[in-house]
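In: Fold the stuff below for me.
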Amino acid sequence: MKHLLPGIEPLLRHTFVILEEGTHEIVGSAHLLDQHKAQDVMYFYHKSGQLYYLPASIPLPSNASVDHLSWMKTKSLPHTVPFDIFMREIEAFGVVLITDESGLAIGYVAGNDVLHEVYQAYKYVKVYFDSVLETTEESIAIIDEQATTIVWTHGAEQMFSIKKEEIIGKPIFDFFPYENLNTLRTLKTGERLHRLKSQPRNDVVLLLNVNPIELDGNIIGAVSVDTDISNEVRLYQELFDSTKKIEDLRNEVIRLDASHNPFYSIKGKSRAIMKTIDLCKKIASTNATCLIHGESGVGKELFAKAIHVMREKQDAPFIAINCGAIPPTLFESEFFGYEKGAFSGANQKGSKGKIGLAQNGTLFLDEVGELTLDMQVKLLRVLQEKKYYPVGGSKEVEVDFRVIAATNRNLQEMVDKGEFREDLYYRLHVISLTIPPLRERMEDILEITKLFLYEFSIRYNRFVKEIPDGVMDKLVSYHWPGNVRELRNVIERLVVFSTDGKILEEHLPLDFENVACQDAKKHLERTIADNRKDDESEFPLPTANTLQRELDLYEKKLILQALSLEGGNKLSVAKRMGISRSTLYYKMHKLGIE
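Out: Got it, this is the predicted structure:
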């Protein structure tokens, strides 16, 4: 590569003589003088710990006295010395002696030889640099430390309608408003700008990249590369408009399809979630009261709605009430409603209350474990007798409704501690259902993430096609204490902070780096242990296998299933699994999938 400096060893000359202190005349160089011209032989002299050399321009008389010659100071350098230090010493002394690992001289380098090589490398670099500038269609502008324009490409001429002959050698601020010049800001502060959008005209959108030019720690200029993305922006807007229409149609289809598939809004194909859906279908075949257990954010209300849709008529009401959000003083009026004029500030028309609104439908009691004991007594009575008195009313009202309760607390422990009435617990705990947390169905994260990514890309007008593998790995390994709700919030955050359709790891919440994933590993171990029995026929797992081996086998099964579903189309498989095609090929190679 002729545009690079060759290094030290190719510059070495080997015709030299080294004299030691105490030598009175130059001897022992006759064989060199016979083979080379006198000016080709370099003489070095060690005296008093200092190394000297005799410039080749000084004529060497026969049998010259050493002490009377015009010696010049120099030094010796190892052949492994860094090139920048070598160049500094050449500049200081003009000639340096080069030694090997043992300190033995192997040659010398003269400044003229280095200058020749530097000039040759410069000529190559210049023609390469000029050819690149002439070939690119981008707008490239370079200014020096005085803000003088030194490079102005053909792309810049076309974009800004300024000829190269007009601007080269002149201050760039003579042609553009000072406040619009990002190169000047970079020249002054050293700030680097990456993919910054700019709109100099209504019909033009530019993408700017600006970097400082630094030498020896000092900023000596700035370069700006501008790309016209006007067509891309226009096409993106058209695509977004079309996508928005598709999303509206999709939402309408979901609304119409809910009666046919009540579990449509519950995403995931994991074994854990499919078992839960099967249990819901069995529960929906009865009118029994159901108690749903699950951590916050797992989607307990979605399952409650699905059960309601399956067992009630199409127009039956579904009334949800968060028991933890009702102050005790408002409990009766919220639950039982009130007659007009029952208390000051009341609605003059009165109110039916949640129970009245749930007539012939479902009353969903979310976070039922948050009810106080006196509120539990009042709730128990209406559940037993299906009768109640509105606040301020004298006539008992009969109701017919089904009850689904949900909690993220252990009601049995609360009963043991006297914090929850035992009779109410058994009234609600006719049939129980536990919704698995997200960390117990990690394989569903890919599908759920893609849905949230699509939703928020539409909402915030940001066209984000995919999540990078590095970010996806962190999402899959996180233990998700907030479950699906937390995942939704994280994806919304990533989309909001995305730039030009790209999501970065640095936009993940800080606790992704700080929270240990031991809980996730334990749940994965438990999940794999539960799945082992069903998978042994297809993937026999010896008991001595490590966790990583079992994870690899489980991942292999998922990929094989996806390949089967997509007919072997790897691009479709990669899209289905939410990874890049290169990542899919890597995983297939690692797992031995043909």
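In: give me phi/psi at T362?
Out: The phi/psi pair for T362 (degrees, to the nearest 10) reads phi -120, psi 130.
In: neighbours of it, just the number please.
Out: 22 (other Cβ atoms under 10 Å). C-beta coordinates here come from the backbone N, C-alpha and C atoms, glycine included.
In: give the contact list for it.
Out: 304, 307-308, 312, 316-319, 401-404 (Cβ atoms under 8 Å, 6 or more residues apart in numbering).
In: hmm, which of those residues are the buried ones?
Out: 304, 307-308, 312, 316, 318-319, 401-404 (16 or more other Cβ atoms under 10 Å).
In: Among these, name the ones in strands.
Out: 318-319, 402-404 (DSSP state E).
In: Spatially nearest residue to R441 (excluding sequence neighbours)?
Out: S270 (3.8 Å; Cβ to Cβ, 6 or more residues apart in numbering).
In: What pLDDT does the model give that neighbour?
Out: If you check S270, the pLDDT there is 86.
In: looking at this protein, which helix or strand does the model trust least?
Out: Across the helices and strands of the chain, mean confidence by mean pLDDT, DSSP states H and E is lowest for helix 30-35: a mean of 45.
In: Next secondary structure after it?
Out: strand 42-47 (DSSP states H and E).
In: so what secondary structure elements neighbour that next one?
Out: Applying 3 or more Cβ pairs under 8 Å, 6 or more residues apart in numbering; DSSP states H and E, one finds that strand 42-47 makes contact with strand 16-19, strand 50-54, strand 105-110.
In: same thing but at 7 Å, please
Out: Of the remaining helices and strands, those touching strand 42-47 by 3 or more Cβ pairs under 7 Å, 6 or more residues apart in numbering; DSSP states H and E are strand 16-19, strand 50-54.
In: Let's have the ones you listed in a markdown table, adding mean neighbour count.
Out: Output for these, formatted as a markdown table (neighbours: other Cβ atoms under 10 Å):
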| stretch | mean neighbour count |
| --- | --- |
| strand 16-19 | 18 |
| strand 50-54 | 19 |
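In: Reformat those as TSV; add distance to P177 and mean pLDDT.
Out: Listed next are those as TSV, based on distance: least, Cβ to Cβ, whole Å; pLDDT from 0 to 100:
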stretch	distance to P177	mean pLDDT
strand 16-19	62	87
strand 50-54	59	91
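In: Including distance to G111, could those strands go into CSV?
Out: Shown next, in CSV, are the helices and strands packed on strand 42-47 (distance: least, Cβ to Cβ, whole Å):
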stretch, distance to G111
strand 16-19, 15
strand 50-54, 12
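In: Identify whichever of those strands lies nearest to L411.
Out: strand 50-54 (90.7 Å; Cβ to Cβ).
In: Next, the angle strand 42-47 makes with the closest one.
Out: Relative orientation of strand 50-54 with respect to strand 42-47: 150 degrees, computed using axes from the mean of the first three to the mean of the last three Cα atoms, to 10 degrees.
In: Could I get the full set of helices for the stretch 201-350 of the chain?
Out: Taking DSSP state H, counting those that start in this stretch as the test, the helices found in the stretch 201-350 of the chain are 230-257, 271-283, 300-311, 331-336.
In: What lies in contact with the very next helix or strand once past the last one?
Out: Pointing back at helix 331-336 there. Heading C-terminal from helix 331-336, the first helix or strand you meet, by DSSP H and E, is helix 353-357. Residues from elsewhere that reach helix 353-357 (Cβ atoms under 7 Å, 6 or more residues apart in numbering): 317, 319, 321, 333-337, 363, 382, 388, 390, 397, 399, 401.
In: Nice, that's everything, thank you.
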